[in-house]
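Engineer: Got a predicted model here, sequence first, then my questions.
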Amino acid sequence: MASTEDLPKGAIGDVARVQVDGVVALKIIKHCQEEGIGTELVKGFLVGLVVGDTLEVTNSFPLPKAIITSKNQSSQYQRDMLSNLRKVNADYHQVGWYQSTYLGPHFSQVFLESHFQYQLEIEESVVLIYDPLKTTLGNLSLRGFRLTREMLDLLKNNDVFTPESLQAAGLKHGDMFEELPVVLRQSNLVNGLLHSLAPDDPPYDLLHLSATQHLESHMYLLIDSLESLQQETYKMLGYERNYTKQQQMKQQFLLKRKEENARRAKEGEELLPEDDKSIEKELNVKPTHAPPRQQALLTAEQVESQCEEIIDVSGQAFSKLYLSQMLNQQ
Amino acid sequence: MRCPTLQSNIEISSMEDNVHSIEVYLHPVAAFAIIDSHERRSKDNQTRVIGSLLGTKTPDGVYEISSAYPVPHSESEEEVAIDMKYEQSMYQLYKTINPTDVVLGWYATNSTIKMHSVLIHDYYSKRDPPPVYLTFDCKMRSGRLDIKAYVRCSLGVETKGYIFSPIPIKMAYYDPERAAVNLLRQSISTDTNETPIKTGLERFENVLGSLEDSIDGLLAYVEKVKSGDIPADSKIGRLLMELVSKVPKLDPNQFDKIMNNTTQDLLMIVYLTNLTKTQLELGEQVAHIPSN
C-alpha cells in the first residue's frame, strides 16, 4: 500500500498529473450532494502523497459548513481528522483541497487567495474542481488546477500586479493557473466490488437532447464576466486618460519653469526647483497609480474558461442535432 | 485508552424484535471506504478490519448507509478490544459534517461470523437504532466480493439465545455517484486500473461509439433471425417494435425548420464565443507590447 514518507521538496514541475482514488471522487460527490443545497459551494481537504510525477490523492474529508467561519474550530477539526487518519494507516499529508462549482471553474480573487495559501505551504498542492451539474448529466467532471511557477513567484513577492510588472514577468491571463490531467484509479479489490455490482447501461443520459439546457446559463455567465471585464478595462482607460492629462500639465509647467529659470539665471536670481515632486506639489496633483490588474487577469481567465465550456457544450449539441436529423430521415 | 475486554452483557432493547423490517441500502462511497480501510490494515497479523457505519434511518426501518470509517481494534483467540475513544472522536468529527447522521451499525472485512462478533455487536447495541452488521468478503472466497448484512434477533423460548439473521442489502446511488461508478467501471479490465477523466465532448464520443456497437449487435442479431440461424424470440421482437415506434414522427417541413433554427443559434453562439476569445487574445497581446 501507499507509504507515508515525507513529500519531496522538488519543483512543482515534477508533478505532471493527479491520480485520484475512486473513493475520493465518491466522497466529494457525497459531500456536495448532502451539503451543497441549491447553488451553495462545498469545500474540503485532500490528503495523499507524491510519487514521481504523480500526485496521488488517496483520501479526502469535508470542511463542514458549521465551522467554516471559525478559524480556530476549523483548524482544530483539521488536526483531529488528520491525526485520526494517521491512526488507521491512511495518508495524512495534506496535498490540496477541493471545491464544487457550477458550470465550470470559478476563478475569483477568493479562490486565488485560498489556493495560494495551500501552495505557499506545500508547493505541490492542487485544487480539484467538481461540477455537480455536469456530473448529474452523466459525465463525471473533476478537474485539477494549480498556480504556475511565475504566478506563485509574483504572489510570494507581494506583487501588486501593475501593468509594468506583468509586462516584465510576461504574465498573461492563461499563465496564472495550469490544469493537470486527472485520472481515476481504484484497487483490484474495488474492481472486485465493481464486478459484483449490477452492470449498468452506458450513460445514454448524455445523449438526451435537452442535456444542452445549460447552454443558456453558460451564455448568461459569460455575459456577466464580460461585463466585469469591461469595468476593469474602464478603470484602466480612466487611469490612462488621467495619466496623459497630468503628464501634459507637467510638461507645460516645466516649459514655463525653464523659461523662468533661464530669465532668473540671467538676472542672477535664485533658481526654482525643476524636479517632478516639487512640480506635482505646486500643481497640487497627486501622482497616479495604475490600478492593480489582478482582478482583470482573473476575469479574463474566467471568460476564457467559459468560452471553452460553451464550445464543448455546443459541440455536443451539434452532434445531437445531426443525430436526430439522421433518425428522422429514415 | 483501550477499553477492557468486552463482557457479553445481553440486555437488548425491545426494538430488536422488529429488526426484520429493516431494509439496508448501501452507497458505493461507503463500500469503497470500507475496502480502502481493509487495504490499509496493519501488517502485524491483522486479518480483518472493523469499523462503524454511518447514515440515516427512517422511522419505518430503512437504513441508508452513506459513510464508514475504520476503528482500530485488536483481537486474539480469547479477547477482543476496540478503541472506543477513537470511535467516539471520529463519530464527533463526522457529526460536525453531517449532523443528521447516526451510527447504523458496524462492518468487518471478513466473511465469517465469530464469537467476537457478538461482543462487538454488543458495543454497538448500546446505541439507537438496532445496529446492522455488514460483512465484506475481502478474500473473495466465493470468487466475488460478497457483501452481506445481518441483524441480531432472539431465538428460543426458555433459554434465550441470539442469532445473526441475514437481511437483504441493496446498493443506492445518487445520480452523480452513478456517473462516477460507471466511469470507474471502464478500467476494470485494464492493467493500471486508471481511468482518465475526459471533457464532455470526448466522453460524448465514447457514448456514441457504444451506441453504435449496440446497434451493430442488434442488426447482426436481426440478420441471423432473418436467415434462420437462430429462432426468433417474440419477446425481443416486441421490444424492437416498441423501440421503432418510439421514434417521434415529425412533419418534415416543421422538422427542417427546427433544425435550421437550432443550427443557426448554435453557429451564432460558437461564432460569438470564438470572437470573444480572439478579442481577449488581442487585448493581451496589445498590453504586452513594450512601451518603447
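Structural biologist: Good, I have the coordinates.

Engineer: what does the stretch 151-300 of chain A have sitting close to chain B?
Structural biologist: For the stretch 151-300 of chain A, the residues found near chain B under the criterion C-beta under 8 Å from any C-beta of the partner chain are A:163, A:166-167, A:170, A:172-173, A:181-198, A:200, A:202-204, A:206-207, A:215, A:219, A:222, A:226, A:233, A:300. Yep, even glycine has a C-beta here, placed from its N, CA and C like the rest.

Engineer: So among those residues, which ones count as buried?
Structural biologist: With neighbours counted using 16 or more other C-beta atoms under 10 Å in any protein chain shown, those contain these buried positions: A:163, A:166, A:172-173, A:182-187, A:189-194, A:196, A:202-203, A:206-207, A:215, A:219, A:222, A:226, A:300.

Engineer: Out of those residues, list just those in strands.
Structural biologist: Using DSSP state E, the members of those that fall within strands are A:182-185.

Engineer: Run through chain A and note the low-pLDDT ranges.
Structural biologist: For chain A, the stretches with pLDDT under 70 are A:1-13, A:37-39, A:198-203, A:210-212, A:330.

Engineer: Which parts of it are strands?
Structural biologist: Using DSSP E, strands in chain A cover A:17-21, A:43-51, A:54-62, A:94-100, A:126-130, A:142-147, A:177-180, A:182-185.

Engineer: Looks to me like B:Cys153 is in a helix.
Structural biologist: No: the assignment for B:Cys153, made by DSSP: H, G, I helix; E, B strand; the rest coil, is strand rather than a helix.

Engineer: Correct me if wrong: it contacts B:Lys160.
Structural biologist: No: with contact defined as C-beta atoms under 8 Å, B:Cys153 and B:Lys160 do not form a contacting pair (10.8 Å).

Engineer: ok, those two, which is more surrounded?
Structural biologist: When neighbours are counted by other C-beta atoms under 10 Å in any protein chain shown, B:Cys153 comes out ahead of the other of B:Cys153 and B:Lys160, with 17 against 10.

Engineer: ok, the more buried one to B:Trp106 distance?
Structural biologist: Distance of B:Cys153 to B:Trp106, given as C-beta to C-beta, to the nearest Å: 17 Å.

Engineer: Kindly report the same for B:Leu218.
Structural biologist: Distance from B:Leu218 to B:Trp106, by C-beta to C-beta: 47 Å.

Engineer: who's more crowded, these two?
Structural biologist: For B:Leu218 versus B:Trp106, the count of surrounding residues by other C-beta under 10 Å is larger for B:Trp106: 22 against 13.

Engineer: how near is that one to A:Met219?
Structural biologist: B:Trp106 sits 51 Å away from A:Met219 when distances are taken as C-beta to C-beta.

Engineer: again, but for A:Lys27
Structural biologist: Computed as C-beta to C-beta, the A:Lys27 to A:Met219 distance reads 33 Å.

Engineer: In which helix or strand does the closest residue in space to B:Val80 that isn't next to it in sequence reside?
Structural biologist: What sits nearest to B:Val80 in space, not counting adjacent residues and going by C-beta to C-beta, 6 or more residues apart in numbering or on different chains, is B:His116, at 4.2 Å. When secondary structure is defined by DSSP states H and E, B:His116 falls within helix B:115-125.

Engineer: Who are the packing partners of that helix?
Structural biologist: Taking 3 or more C-beta pairs under 8 Å, 6 or more residues apart in numbering or on different chains; DSSP states H and E as the contact definition, the neighbouring helices and strands of helix B:115-125 are strand B:80-82, strand B:102-108, strand B:161-167.

Engineer: for the following helix or strand past that helix, what is the average pLDDT?
Structural biologist: Remark: after helix B:115-125, the chain's next helix or strand is strand B:132-136, criterion DSSP H and E. Strand B:132-136 shows an average pLDDT of 90 in the prediction.

Engineer: Tell me what angle strand B:132-136 forms with strand B:102-108.
Structural biologist: With axes from the mean of the first three to the mean of the last three C-alpha atoms, to 10 degrees as the basis, strand B:132-136 and strand B:102-108 are set at 40 degrees to each other.

Engineer: and the angle from strand B:132-136 to helix B:115-125?
Structural biologist: Between strand B:132-136 and helix B:115-125, the angle comes out at 140 degrees (the same axes, to 10 degrees).

Engineer: Could you list the domains of chain B?
Structural biologist: Taking automatic domain parsing as the reference, chain B has its domains at B:7-175, B:199-247, B:249-279.

Engineer: just checking, which of the ones you listed sits deepest inside the structure?
Structural biologist: The densest packing among those, expressed as mean neighbour count by mean count of other C-beta atoms under 10 Å in any protein chain shown, is seen in domain B:7-175 with a mean of 18.

Engineer: just how off-centre is that one within its chain?
Structural biologist: In terms of C-alpha atoms, centre = their mean, to the nearest Å, the centre of domain B:7-175 is set 17 Å apart from its chain centre.

Engineer: for stretch B:236-249, same thing?
Structural biologist: For stretch B:236-249, the gap between its own C-alpha mean and the chain's C-alpha mean amounts to 33 Å (C-alpha atoms, centre = their mean).

Engineer: Ok, stretch A:227-234 next?
Structural biologist: Chain-centre distance of stretch A:227-234: 19 Å, with C-alpha atoms, centre = their mean.

Engineer: and if you look at stretch A:152-170?
Structural biologist: A distance of 17 Å separates the C-alpha centroid of stretch A:152-170 from that of its chain, computed with C-alpha atoms, centre = their mean.

Engineer: in that stretch, what counts as buried?
Structural biologist: For stretch A:152-170, a neighbour-count test (16+ other C-beta under 10 Å) marks A:152, A:154-155, A:159, A:161, A:163, A:165-166, A:169 as buried.

Engineer: of those residues, closest to chain B?
Structural biologist: Distances from those to chain B were compared by C-beta to the nearest C-beta; the smallest belongs to A:Pro163, at 6.6 Å.

Engineer: Stretch B:57-64 vs chain A: in contact?
Structural biologist: No: applying C-beta under 8 Å from any C-beta, one finds stretch B:57-64 out of contact with chain A, separated by at least 11.1 Å.

Engineer: hmm, who's touching that stretch?
Structural biologist: B:18, B:21-25, B:27, B:55-56, B:102, B:104-105, B:129, B:132, B:172 (C-beta atoms under 8 Å, 6 or more residues apart in numbering or on different chains).

Engineer: how about 7 Å then?
Structural biologist: Outside stretch B:57-64, the residues within contact range by C-beta atoms under 7 Å, 6 or more residues apart in numbering or on different chains are B:21-25, B:55-56, B:102, B:104, B:129, B:132, B:172.

Engineer: End to end on that stretch, go ahead and measure it.
Structural biologist: 6 Å (C-alpha to C-alpha, to the nearest Å).

Engineer: got it, and stretch A:181-193?
Structural biologist: With C-alpha to C-alpha as the measure, the ends of stretch A:181-193 fall 26 Å from one another.

Engineer: chain center to it, what's the gap?
Structural biologist: Using C-alpha atoms, centre = their mean, we find the averaged C-alpha position of stretch A:181-193 to lie 28 Å away from the chain's own average C-alpha position.

Engineer: Let me have the ones in strands among the buried ones among the residues of the stretch 151-300 of chain A next to chain B in TSV, adding distance to A:Ile129 as columns.
Structural biologist: As requested, those are arranged in TSV below (distance: C-beta to C-beta, whole Å):
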residue	distance to A:Ile129
A:Val182	10
A:Val183	16
A:Leu184	15
A:Arg185	19
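
Engineer: for those, which one is nearest B:Gln285?
Structural biologist: The shortest separation between B:Gln285 and any of those is 30.9 Å, and it belongs to A:Val182 (by C-beta to C-beta).
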